[in-house]
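**Q** build me a model from this:
(4 chains)
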Amino acid sequence: MSTLTALSTLAAETSTSGGEAVQFWILAPIAVAGGLGTILMRRAVYSALCLAGTMVILALFYLANGAYFLGVVQIVVYTGAVMMLFLFVLMLVGVSAADSLKETIKGQRIATAAMGLGLGILLIAGIGQASVGSFTGLAEANSQGNVEGLASLLFTRYMVAFEVTGVLLTVAAVGATMLTHREKIERSTSQREQAEARVKDGTQVPPLPAPGVYARHNAVDIPGLLPDGTPSPLTVSSTLHERDQVREVHTEALGALAALEQRTADHQGRRASVSGSLGSGSTTGGAGRTDAGTTTPAATGIDGDGSDNGRRDDGDGDGAEEAGK
Amino acid sequence: MSFPLLTATVLAPAIGAVATAAVPSARRNLAKWVALTASLVTAVLAILVLIRFEPGGDRYQLTESHAWIPAFGVRYELGVDGIAVALVALTAVLIPFLIGAGWNDADPKEGETPAGKRWRPTQGFFALILMVEAMVVMSFVATDIFLFYIFFEAMLIPMYFLIGGFGDRAGEHSENGQAKQRTYAAVKFLLYNLAGGLIMLAAVIGLYVATADLPGGSTFSLQAIAEARASGELTFAQNTERFLFLGFFIAFAIKAPLWPVHTWLPNAMGESTAPVAVLITAVVDKVGTFAMLRFCLGLFPEASAWATPVVIVLALISIIYGALLALGQRDMKRLIAYASISHFGFIILGIFAMTSQGQTGATLYMVNHGIATAALMLVAGFLITRRGSRLIADYGGVQKTAPILAGTFLIGGLATLSLPGTGPFVSEFLVLVGTFTRYPVAGIVACAGIVLAALYVLILYQRTMTGPVRPELSRMPDLRPRELAVVAPLIAMLIFLGVFPRPLTDIVDPAVQHTLSDVGESDPEPELEARR
Amino acid sequence: MESLIGLLVAAPLLGAALLLVGGRRLDRFGHWLATGLAALSFALAVVLFVDMLGRDGGDRALSQHLYSWVPVSGFQADIAFQLDQLSMTFVLLITSVGTLIHLYSVGYMEHDVRRRRFFAYLNLFLAAMLILVLADNYLLLYVGWEGVGLASFLLIGFWQHKPSAATAAKKAFVVNRVGDVGLAIAIFLMFSTFGTFAFSPVLSTAEQASEGTLTAIGLMLLLAACGKSAQVPLQSWLGDAMEGPTPVSALIHAATMVTAGVYLVVRSGAIFDGAPAAQTVVVVVGAVTLLFGAIVGCAKDDIKKALAGSTMSQIGYMMLAAGLGPIGYVFAIMHLVTHGFFKAGLFLGAGSVMHGMNDEVDMRRYGGLRKYMPVTFVTMGLGYLAIIGFPYLSGFFSKDEIIYAAFGKGGAEGWILGGVTLLGAALTAYYMTRIMLMTFFGEKRWVKDAEGNDPHPHESPLSMTVPMIVLAVGSVGAGFVFNLNHSFVDWLSPVVATADGNSPVSHGMVSVLATVLMLVGVGAAWFQYGRRPIPEVAPTGVWITRAARRDLLQDDFNHAAFVTPGSYLTRGLVYVDHKLVDGVVNGTAAGFGGLSGRLRKVQNGFARSYAASMFGGAAILIAVTLLMRAV
Amino acid sequence: MSPENYLHLAALLFTIGACGVLLRRNAIVVFMSIELMLNAANLALVTFSRMHGNLDGQIMAFFVMVVAAAEVVVGLAIIVMVYRSRHSASVDDASLMKL
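**A** Here you go, the predicted structure:
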């Protein structure tokens, strides 16, 4: 509150003090940087944050200029409500992808540059041309308090405009609702129907196989292995796929596993069983096991977990079978 | 309040057009009769106008005047002077013949099935012709410039449909190509005339502004402006007057048409049916030359004098150029179109010679050219309908199989080349005499047009009518009674006007004297008189 | 009496109208109707003539004002006739020869299905020709002038199915039109000089006008006369005009219409008298044509074309005489009348020969016809003697007078002109003798016609021979009658200026010289065509013969000078009109189309682009606002 | 301290916002740029208010805020709708507005 009063005394003065200049020269570059950040950041979220920063600084400027009410409203409405709304929509629309800043319209960059330079120069020239003079100061106008002063204007001279803006806001609210509202025009399908539709389409009916969480690695980003040892992409969340965050199953690990199995088998002195147990998740063995009789020790998931670490024998590995497809 | 005869003359064809259009689609013939009746009623009214008009009386007679758009000083003002009377009579008398000549032109073609109950080409054709008539008559009788302008422009609408919608039967085997040509011609017609009209609109508005100093405020009334100018209440700055003159003149030159803005005419006349072609050149284009006489000279005398040398040169170019191009044509109708361009050159030459002979001759020329071209073009149309081709090379020896057709064609042609004894001779001679007394060189150059006219008419006649009979034409029927009934009166009129043009000159001459006094010109004195 | 003048014109005009409009109903008796009306016209002319003779020389002229034709301020054209001695001469010639030829045509055109039309056209011609010579002002004269041109066009092209006839008709009309323009310009000049173009005011005040003006008028009148009278340089149409039926050639292209030019010059004498330069040109044109026609006449094998050359040459005589001024006017007219008789007779004879020879016109295929066609031979022979100037026949009188007048011009000019006219006399004798020898003497050189019919030469029917006989009588006697007591000179002198020349050669001397030269010409022809057989195919001949067969290259010249450039010009202009004049407009349209095609790419649909232009616009607005403030 | 400084800042921000509108394809960022422009205008208004010593400028700025809020609501709703139907928030994808 003390800063506020300090600022208000600043604004009340007709001739501005050096303090305000200091404040201005510190804050203004930040505001400009924020503005530039808004339009240059590849990620919209960063843009939004930059904009919010600029707005806060602008709020400070408002305060410095004696517009206390506006300064507060700026923070509350803009930085608070409007920017939040922006962020909500951003999340709704998809926050992940960064925009490409590559220009696709021919000549747009040049036009923008020319326009920006031209408009900027012209505006500044215009300001230079105008006889701006110096501040009169708001001491008189704010003598009854800024909010009171505004209110008395708002409810007298600008009454009609105020009412109309009220109507406008209402209309905007109703309009936004209307726009985003989606009318339900069909009966919603029951669970049973959904299941039937899935069976009909041949999509995965039971839950997807789990990733290799419990197999070897304690992580969701490792695909589970099929009985023959190949990793199954189905076992990892598609989000990870999209982000390219799926970890490879190292071939050494697989090789080590195979060697371990081999040693166990040798040790027990029995031939590798031909009966490769099917992964419990898999419905049928699609491809026939043409290599029956060959020595392929299939490591089965001992834990009875639906997902098994199928192990691929290097010698006869053509019958790769995908479980659950 | 006397009977508004002029309004009636305008309304008769307009009502006829509506009535014709309203005839149900199955009763084609009824529509034709309705149209013919309406046009005959108009003709009777126009002849009444002619009778009621007193040659020695006021300049504008049978006047009507009502406020129309008071805010802009626009009035519904009608009135005729001698020149207008002659042209109204020409228009009203020609239209029944055109309807008669085009009796079957807009019938559905054989094998064509109606596209619906509302499909009424015949009704449309005749209604459009009547609409054009109403608008043309209105342009002739309107003495309010704005009123004139509206009808001058509105005329384009029915004309556009007449050209674009109803082609002649030539070259039906390539219907697509022909339809394309026709659309081209119609659009060209429209664009040229619209361009001129817009320039004129600017000038009309300019005139409105320029007359703002008048005590009664701005006005479009021709009489009021003329009176104000005469009394010195209204003077235009030199440049203002010249620009306004140009605005009006360019529009009229396009309509007339004057070289080099003539190229729409051959296309329009070539592609449309013969009656419509006649309508264009004999009636609608006359509005252009008429308006030059009435508006350009009447409103802007000094600018007219200023522009005269250029206009005379352009007119001479039109005369020679049109005639030479007529010689080079292979298509009969285009040939006649170029011949018309040549003739319009004569008319404009006569107008801008600023002598009483020249202007009287020009007015007579408008009437005579209308009739002569009508006769020639309608017979050519009959011929084309029989053979289905417009190319001159497709004909030969018609004289043997259809002597009456050939004879009427020859008379039409002879009238076109201004043979003495036919109306055009009188007018052409007057134009040339009038031009010669003021501009001897121009008069002599224009005489080349006489020789060239003989060439193109006779070459056309020789190639189509004489020589051995072409086998395709050996069974060609001669003129039918309906066709003869159309052509014979036209020929009679031509000869009558050639032998006894007094009824016309008596009416026109006083009006021309008024125009000349507007311009402040008087006839050059003969050399001997001047020396005395 | 005056009212008869109008009837004179009206009778044949009525005939033409009736026959043209009346249709087939009149086929049976139409030709007699036409002939009767022509005869009526002649009868009226005779009545008027007798009436005229009953009055003094000074007030013989009659005039009839019918109505005011084109009354415009400052311009007065009337339908009014004037019948003075000059007109009377012509009226008598036209109606008499005209009636005879109507009669002749009844026989000649007997088998033509379109005979009714033929007679309609003949009547039309008579009417127009009468208007021409009766008009009391130049404009009405112009009407007749073009009217006879029309009739000539219709009659030359009467056999329209023949392309050559149609072409010849067109050519005649167009070449005549060139001459007509001359007349028109002359009228313009008169109007702008005198304020009128009626004969009496113009001619009576002619001397008040400047010589330059009069020369211009005179030259323009001469141009008109050249066109109508087939004088160099507008003579090319006459030879081709022989495509028309022979009676037409006799009436129009020998006796009457082609002499209208002479009438015009004589009638406008007062103008020429004031313009010596123009007179000189007239004389030169006459002299050149005289020789030109004679040379062409010597070379042609087509009997009608040979006669056409002769016509041209004889009119050259008249024109020359007319150009001499008062010393020659009367003799021009006198020669005109006598020529009208004997040339019409000659043409009718030629027609009769053709009639008997399956319409063959090539004289190399005639020969020995005198036995088969005695009447034709005799009448044509008399005409022949008249034209070559056999002493005391009509040609002798009129031609000698012209030669004498030519000498009378005086000085070197007189000698040159006298020499030319004498040379012409010799040439006339030569070519006429050639025609007679080739046609009536020698052995038969007949060939079958196109359908393979042998010619059966026979004498023509009475309706054809009677006119020939009458004309032969005229050829023989007219000159004698005219010369009796200077009757013709006295007759015309009140209306046509006369004067005596100062000839260095006496009158008798001229006659002797002319007769001698005539005999030389006859002899030369006899040596060439009489003594030895005539080859059926024309020998190649020397260059001048070859050129003369081609009308002295006149057509070639016209072709190279006018027709070919003209057609190139026309074709070029068609191209220019299409590509340039139209091209500018179409190009503008295409330009706008292309431009909008480009501009519409600006509408690329990207909102950002639109926003850019919006901001650009805002920037411009700001700039303008600032500028406005700055100013 | 002169008002010009504030005004220059406002002009700069406004221009930056305008460039953002032209450069960015993401409709939401475009929207933010527009907000930036509005704020720049507001700053100018507030400065004017102080310059002239009355509160009307502030009132204007206040209205601008209200309208901006309404605009944001509707605009974002539209963006959501568009995204729903086209699965894209790029302004360039909606480029059917051409000949």
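
**Q** per-residue confidence for the residue lying closest to B:Thr401 once chain neighbours are set aside?
**A** The shortest distance from B:Thr401 to any non-neighbouring residue, by Cβ to Cβ, 6 or more residues apart in numbering or on different chains, is to B:Met476 (4.8 Å). For glycine as for every other residue, the C-beta is placed from the backbone atoms N, C-alpha and C. In this model, B:Met476 is scored at 83, pLDDT.

**Q** ok, now C:Val175?
**A** 89.

**Q** what does chain A put close to chain B?
**A** For chain A, no residue is in contact with chain B (Cβ under 8 Å from any Cβ of the partner chain).

**Q** where does chain A dip in pLDDT?
**A** A:1-17, A:94-98, A:212-218, A:229, A:250, A:270-325 (pLDDT under 70).

**Q** which residues of it fall in helices?
**A** A:2-12, A:18-40, A:44-64, A:68-73, A:83-93, A:108-129, A:146-154, A:159-180, A:191-201, A:238-243, A:251-268 (DSSP state H).

**Q** isn't A:Glu103 up against A:Arg109?
**A** Yes: in this structure, A:Glu103 is within contact of A:Arg109 by Cβ atoms under 8 Å, at 5.0 Å.

**Q** overlap in contacts of the two?
**A** D:Leu23 (Cβ atoms under 8 Å, 6 or more residues apart in numbering or on different chains).

**Q** for B:Leu98, which non-adjacent residue is closest in space?
**A** Nearest to B:Leu98 is B:Pro275, by Cβ to Cβ, 6+ apart, at 4.1 Å.

**Q** what's near enough to touch the residue nearest to C:Phe75 when sequence neighbours are not counted?
**A** Distance criterion Cβ to Cβ, 6+ apart; nearest residue to C:Phe75, sequence neighbours excluded, is B:Gln357 at 4.9 Å. Residues near B:Gln357 by Cβ under 8 Å, 6+ apart: B:430-431, B:433-434, B:437, B:523, C:72-75.

**Q** C:Val46 versus B:Gln357, what's the distance?
**A** According to Cβ to Cβ, to the nearest Å, B:Gln357 stands 40 Å off from C:Val46.

**Q** next one: D:Gly17
**A** Counting by Cβ to Cβ - D:Gly17 and C:Val46 are separated by 115 Å.

**Q** residues contacting residue 86?
**A** In the absence of a named chain, this looks at chain A. Here A:Phe86 is in contact with A:48, A:51, D:28, D:31-32, D:72, D:76 (Cβ under 8 Å, 6+ apart).

**Q** wrong one, I was asking about chain D
**A** So D:Arg86 contacts D:93-94 (Cβ under 8 Å, 6+ apart).

**Q** that one and B:Glu428: what is the separation?
**A** 75 Å.

**Q** so C:Gly442, which state does it fall into?
**A** The three-state label given to C:Gly442 by DSSP: H, G, I helix; E, B strand; the rest coil is coil.

**Q** and it, its phi and psi?
**A** phi 70, psi -170 (degrees, to the nearest 10).

**Q** leaving out chain neighbours, which residue sits closest to it?
**A** Here the residue nearest C:Gly442, using Cβ to Cβ, 6+ apart, is C:Gly367, at 4.5 Å.

**Q** ok but that neighbour is inside a helix, no?
**A** No: counting by three-state DSSP, C:Gly367 is not part of a helix but coil.

**Q** tell me who's in contact with it.
**A** Per Cβ under 8 Å, 6+ apart, neighbours of C:Gly367: C:438-439, C:441-446, C:534.

**Q** same for the one helix or strand B:Pro266 maps to, what does it pack against?
**A** Take DSSP states H and E as the rule and B:Pro266 turns out to sit in helix B:264-271. Counting contacts by 3 or more Cβ pairs under 8 Å, 6 or more residues apart in numbering or on different chains; DSSP states H and E, helix B:264-271 packs against helix B:175-210, helix B:274-278, helix B:332-352.

**Q** mean neighbour count and mean pLDDT for the ones you listed - can I get that in CSV?
**A** Output for these, formatted as CSV (neighbours: other Cβ atoms under 10 Å in any protein chain shown; pLDDT from 0 to 100):
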stretch, mean neighbour count, mean pLDDT
helix B:175-210, 18, 84
helix B:274-278, 30, 90
helix B:332-352, 29, 92
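
**Q** sorry, back to before: just the helices of chain A: most buried one?
**A** helix A:44-64 (a mean of 23; mean count of other Cβ atoms under 10 Å in any protein chain shown).

**Q** about what we covered before: and the residue nearest to C:Phe75, how close does it get to chain A?
**A** 67 Å (Cβ to the nearest Cβ, to the nearest Å).

**Q** just the element for that residue, please.
**A** Going by DSSP H and E, B:Gln357 is part of helix B:356-387.

**Q** and D:Ile79, by the same measure?
**A** helix D:56-86.

**Q** ditto for B:His66
**A** Per DSSP H and E: strand B:61-69 holds B:His66.

**Q** only alpha carbons, please: show that strand as PDB.
**A** Only the C-alpha atoms of strand B:61-69 are listed here, as PDB (Å, rounded to 0.1, in the frame of the first residue of the first chain):
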ATOM      1  CA  GLN B  61     -45.300  21.900 -80.000                       C
ATOM      2  CA  LEU B  62     -47.700  19.500 -78.300                       C
ATOM      3  CA  THR B  63     -45.800  20.200 -75.200                       C
ATOM      4  CA  GLU B  64     -46.500  18.500 -71.900                       C
ATOM      5  CA  SER B  65     -44.800  19.400 -68.700                       C
ATOM      6  CA  HIS B  66     -45.200  18.000 -65.200                       C
ATOM      7  CA  ALA B  67     -42.900  17.900 -62.200                       C
ATOM      8  CA  TRP B  68     -41.300  14.600 -61.800                       C
ATOM      9  CA  ILE B  69     -38.400  14.700 -59.400                       C
END
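
**Q** report all helices and strands that it contacts.
**A** helix B:5-22, helix B:28-52, strand B:74-80.

**Q** quick one: closest of the ones you listed to chain C.
**A** Chain C lies closest, by Cβ to the nearest Cβ, to one member of the helices and strands packed on strand B:61-69: helix B:28-52, at 18.2 Å.

**Q** ok and the closest one relative to strand B:74-80, angle-wise?
**A** For helix B:28-52 against strand B:74-80, the angle between stretch directions is 80 degrees (axes from the mean of the first three to the mean of the last three Cα atoms, to 10 degrees).

**Q** buried residues in helix B:28-52, which are they?
**A** Buried residues in helix B:28-52, counted by 16 or more other Cβ atoms under 10 Å in any protein chain shown: B:28, B:31-32, B:34-43, B:45-46, B:49-50.

**Q** what's the answer for stretch C:510-518, then?
**A** C:510-511, C:513-515, C:517-518.

**Q** and the nearest residue in space to B:Tyr456 that is not next to it in sequence, how far from B:Val457?
**A** Sequence neighbours aside, B:Ala326 is the residue nearest to B:Tyr456 in space, at 4.2 Å (criterion: Cβ to Cβ, 6+ apart). From B:Ala326 over to B:Val457 the distance is 9 Å, taken as Cβ to Cβ.

**Q** try C:Ala198
**A** Taken as Cβ to Cβ, the span from C:Ala198 to B:Val457 is 31 Å.

**Q** neighbour count for these two, which is higher?
**A** Neighbours per residue, other Cβ atoms under 10 Å in any protein chain shown: of C:Ala198 and B:Val457, the larger number sits with B:Val457, 29 against 20.

**Q** just the element for that one, please.
**A** Short version: B:Val457 belongs to helix B:440-465, going by DSSP H and E.

**Q** what lies in contact with whichever helix or strand comes after that helix?
**A** Downstream of helix B:440-465, the first helix or strand assigned by DSSP H and E is helix B:481-499. Under the criterion Cβ under 8 Å, 6+ apart, residues B:93, B:97, B:100-101, B:103, B:364, B:367-368, B:371-372, B:374-375, B:378-379, B:382, B:404, B:408, B:411-412, B:415, B:420-426, B:479, B:504 lie in contact with helix B:481-499.
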